[in-house]
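Pasting the sequence and the predicted model now:
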Amino acid sequence: MMPGVALSWRNGLRMRRLPWRTRALNTLNDEISPSRQIIISPPLVSLDIPDDWTPYPPSSHFDFPINCSHEQTAAVIDGKSIADDIRSRIGSEVRRMKESIGMVPGLGVIMVGQRRDSETYVRNKMMACEEVGIKSNVAHLPEHCTKDQLLKALSKFDVDPTVHGILVQLPLPQHLDERKIMDVLSPEKDVDGFHPINIGNLAMRGREPMFIPCTPKGCIELLLRSGVEIVGKKAAVIGRSNIVGLPASLLLQRHHATVSIVHAFTKNPEHITCEADIVVTAAGVPNLVRGNWLKPGAVVIDVGTNPVEDPSCERGYRLIGDVCYEEAVRVVSAITPVPGGVGPMTIAMLLSNTLDSAKRAYAFT
């Protein structure tokens, strides 16, 4: 059995109680005098602190849920196969567009520095674009580029009518403020779906974002294409990042699920997840979710992609998810593997968003 990793939730929470009142008063005192203070609630940004998922060695004893099997019972949701089908359909639409109006979608990518993982992600995206006929262009910037240099590259793509989607490969070097950079990105070309306007429209009923973030969009597509009913179901999202957890929870709500969010400050998280019909996990902690965290018959979408040392592998490591797969497959009804689950869908959704943007730009139906 794969060694598990879980969190010291209770101890961590005792050690890290939020001094919210102190910070609220300090923030307010910096801006207004106490005599003019009306409410004590602080600016929300002042409450933002990192989710510190501190691992600890798990107990050697594992309590299986009632009515679970001692053999694999879960269906494997094949994200690669589903993504391949979507990419094939995108390729057909791109060819139809080219034959009809002589134009194709265009994607501009900004890559800062030479992080190996980022270079791999960008290379995979470029290969996917080429495969379906989307024109791609990468702007490589040095590690120590200035904010102005990055904004100039953004502006160049923004005014180019043949570029319909712009992607800034994250993370950026520490001296560059990701938030300010993303604010400048045009919402009409924000194919990653991270612009505050797109996230805001995703959150509000009756509003339609121009783009839905690619990984959450891929998660929902996997559920729908696997015949999983979302309406009225209990869903738990583990992790609350702006890239996956937050938009995934909003998207599940838009599909009429009853959503709970689990994060590093959640008390007794297993009590929440074991009641969920659908679990989407994006914590970035290998083997965080054990079999006894899961409801028998639940559906699990594992977004986690965590490298763990493995001398038997060619690269010296292998990828595993946030869910202890060997335990989960004996409890749940369906689960995505890692790799080969959500990852291929993320790229497929990026291609889909870029195609949709080009169709809007050219009024192509």
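Received it, and whenever you're ready, just let me know what you need.

Around Met126, how many other residues sit close by?
When neighbours are counted by other CB atoms under 10 Å, Met126 registers 16. For every residue, glycine as well, the C-beta is placed using N, CA and C.

go on, the one 4 residues further on?
Neighbourhood size, Glu130 [other CB under 10 Å]: 11.

who touches it in this structure?
Glu130 is in contact with Ser136, counting by CB atoms under 8 Å, 6 or more residues apart in numbering.

distance of it from Asp277?
39 Å (CB to CB, to the nearest Å).

which element is Ile301 on?
Using DSSP states H and E, Ile301 sits within strand 299-302.

same for the following helix or strand past that strand, what does it pack against?
Following strand 299-302 in sequence order, the next helix or strand is strand 306-309 (DSSP H and E). Strand 306-309 is packed against strand 317-320, with contacts defined by 3 or more CB pairs under 8 Å, 6 or more residues apart in numbering; DSSP states H and E.

buried residues in the strand it packs on?
Neighbour-count burial for strand 317-320 flags Arg318, Leu319, Ile320 (criterion: 16 or more other CB atoms under 10 Å).

what are the pairing partners of that strand, and which direction each?
Applying DSSP bridges, strand 317-320 is found paired with strand 306-309 (antiparallel).

Name the nearest residue to the residue most central in space within the chain, ignoring sequence neighbours.
Among the residues of the chain, the one closest to the centroid is Val244, at 2.5 Å (CA atoms, centre = their mean). Sequence neighbours aside, Ala282 is the residue nearest to Val244 in space, at 3.9 Å (criterion: CB to CB, 6 or more residues apart in numbering).

low-scoring pLDDT stretches of this structure, where are they?
1-45, 47-48, 53-70 (pLDDT under 70).

Quick one: residues in contact with stretch 194-212.
Contacts for stretch 194-212 (CB under 8 Å, 6+ apart): 182-183, 185-188, 190-193, 213, 242-243, 246-247, 250-251, 254, 349, 353, 356-357, 360.

Run a quick check on the residue nearest to the centre of the chain versus Val303, I expect a contact.
Yes: judged on CB atoms under 8 Å, Val244 makes contact with Val303 at a distance of 5.5 Å.

Quick check: neighbours shared by those two?
Common contacts of Val244 and Val303, defined by CB under 8 Å, 6+ apart, comprise Thr215, Ala282.

and the longest helix along the chain, what does it pack onto?
The longest helix of the chain (DSSP state H) is helix 79-101. If contacts are counted by 3+ CB pairs under 8 Å, 6+ apart, helix 79-101 sits against helix 116-132, helix 214-225, helix 342-362.

Can I get the ones you listed in CSV including distance to Ala74?
Conversion of the helices and strands packed on helix 79-101 to CSV gives the following (distance: least, CB to CB, whole Å):
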stretch, distance to Ala74
helix 116-132, 27
helix 214-225, 14
helix 342-362, 16
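
which one of those helices lies closest to Thr258?
helix 214-225 (14.9 Å; CB to CB).

Show which residues not belonging to the helix or strand following that closest one make contact with it.
Next in sequence after helix 214-225, counting helices and strands by DSSP H and E, comes strand 234-238. By CB under 8 Å, 6+ apart, the residues outside strand 234-238 that reach it are 245, 248-249, 252, 257-263, 269, 272-273, 275-283, 288-289, 322.

Give the pairing partners of strand 234-238; include direction for each.
strand 258-262 (parallel), strand 278-281 (parallel).

Convert the C-alpha atoms of that strand to CSV, please.
Extracted in CSV, the C-alpha atoms of strand 234-238 (Å, rounded to 0.1, in the frame of the first residue of the first chain):
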residue,chain,number,x,y,z
LYS,A,234,-23.5,17.2,-1.8
ALA,A,235,-20.1,18.2,-3.1
ALA,A,236,-16.9,18.8,-1.1
VAL,A,237,-14.0,20.8,-2.6
ILE,A,238,-10.7,20.3,-0.8
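
I am finished for the moment; much appreciated.
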